[in-house]
Each structure stands twice: as C-alpha cells, then as structure tokens.
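1. output the structure for:
(2 chains)
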Amino acid sequence: MGLLRDEDVVQIRERFKELVNPVKLVHFTQELNLEYGREAKQLLGEVAAASDKISLEVFNFLIDKEKVAEYGIDKVPATVVHNGKNYGVRFYGLPAGYEFANLLDAIISVSAGQSGLSEASVEKLKAIAQPVHLEVFVTPT
Amino acid sequence: MRLAHQFAMENELIKADCIESIEFPDLAQKYSVYAVPRTIINESAFIEGSMPENFFLERILETLGPCTGTSGAGQ
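-> Below is the predicted model of the structure:
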C-alpha cells in the first residue's frame, strides 16, 4: 500500500507541472535503520514516481562510503535534493507532515535553480565568505 | 525550514539540514531542542521559532560576526 493517498498524488502531480529541470533525490539509508528508514525510502519513491523529471538514487550509509563522503552525510536516513549542482539542501529523517510540503518546495526550487528570495537577501547571502551550517530541527506534526 | 534551504541555494558555503528531531533524539538533546523549529548555526548559536526572511538572515549574519564577507553584509 502507498504512503501517499491517491488524492495527494493528484495534487503533487499538479504541483510538479512547475518543474523546469530534472531533479535528483539522493537517499542514504541503512539496513538497521528501524522503521523510519524504510518509510522514507518508500515515500521518496512515490514522490519520484509523480514526475518523470524526478529520479531517485538510493545508497547504503555503511557500504557506499564514497557517496557518503561526496554528499557529506553523517547520519541516516538522509536525503539530498539537487539538480546536478549540489546546493547543500538536505533532509534528515522522514520528511512527513509539514516537512513534506517543504520537500515539495525544495524540489520545485532546486528544479528551477532559483531560491525565490528577495534581491536584498540574495546579495547579503552571496557576500558570506565563511562556511555556514544551518540545522533546523522540526517535528512531523 | 524552507528559508534555510533557500539560503543554501544562494551560496555554496551554506549547507542547510532539515532534521526530524524525533528520529534523532541524541542530537535534539545535544542542542536542547524543546520546541520546534529551532535552528542551530555552526553547531553553536541558535534561532528559536520561525521568522520572516530578512529577520532570519540578519540573525544568522549577526552570529557570523564582522568577518562574514564584504561591503557591510553583516549589518
């Protein structure tokens, strides 16, 4: 049985009509990752199936060390959203509830290659000359 | 959450992680996450709650201090 309801899939397909360029969802999981890892992978599969512009790649956190290093992943389940260029847009855990909307937004922004921020913000962000790691803690409800 | 990801798109030095706190309880505890959203900046400073784009960005720039870049971007 799917995690997404049929009516959700219809809405998601509608939103994905906005997609411009192909988007890749790179997912890292591991065998021992309890129930969440499996659910996250299934959910991403269903999202990817909603548009031919989205592809899903799944790697094992314990085995695919090169990919883990390439994407800078330090825990699982992890999902990176990119369009060939890796912007550092990552989700750790199952992107359900409110975070599911954020996942869709991230896919659409990354597909367009545009953040949608104001010009003033973009200017300030581009001037930052040191590494910045933002970790936003959320809950599904 | 969305803003952090948007910020990451504009500068390759910025990485933005959305972390499901229930799935990563040790990390949530390490960063004293009692309410969400809580944003941790470079493993040290934090921003509580959500706020408009310009406020959120200013808070991050304040945290980074005066050597964030050029042309008074940290103001």
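2. now do the SS call for A:R90.
-> strand (DSSP: H, G, I helix; E, B strand; the rest coil).
3. residue of chain A closest to chain B, please.
-> A:G93 (2.6 Å; CB to the nearest CB). (Each C-beta comes from the backbone N, C-alpha and C, glycine too.)
4. that residue: neighbour count?
-> If you count neighbours by other CB atoms under 10 Å in any protein chain shown, A:G93 ends up with 27.
5. for chain B, what spans make up the helices?
-> Here chain B has its helices, by DSSP state H, at B:2-10, B:25-30, B:53-64.
6. follow-up on the earlier one: now do the contacts for the residue of chain A closest to chain B.
-> A:Y36, A:A40, A:P77, B:C18, B:I19, B:E20, B:I22, B:E23, B:F24 (CB atoms under 8 Å, 6 or more residues apart in numbering or on different chains).
7. longest strand in chain B, by number of residues?
-> Looking across chain B with DSSP state E, the single longest strand is strand B:14-20.
8. tilt between that strand and helix B:53-64?
-> 110 degrees (axes from the mean of the first three to the mean of the last three CA atoms, to 10 degrees).
9. which helices and strands does strand B:14-20 pack with?
-> Applying 3 or more CB pairs under 8 Å, 6 or more residues apart in numbering or on different chains; DSSP states H and E, we find strand B:14-20 packed against strand A:89-92, helix A:98-112, strand A:132-138, helix B:2-10.
10. so which of the ones you listed gets nearest A:V47?
-> helix A:98-112 (7.1 Å; CB to CB).
11. other SSEs contacting the following helix or strand past the closest one?
-> Where DSSP states H and E defines the elements, the next helix or strand beyond helix A:98-112 is helix A:119-126. On a contact count with 3+ CB pairs under 8 Å, 6+ apart, helix A:119-126 meets helix B:2-10, helix B:53-64.
12. buried residues in helix A:119-126?
-> Across helix A:119-126, burial judged by 16 or more other CB atoms under 10 Å in any protein chain shown covers A:S121, A:V122, A:K124, A:L125.
13. can you check stretch A:5-15 too?
-> Quick answer for stretch A:5-15 (16+ other CB under 10 Å): A:I12.
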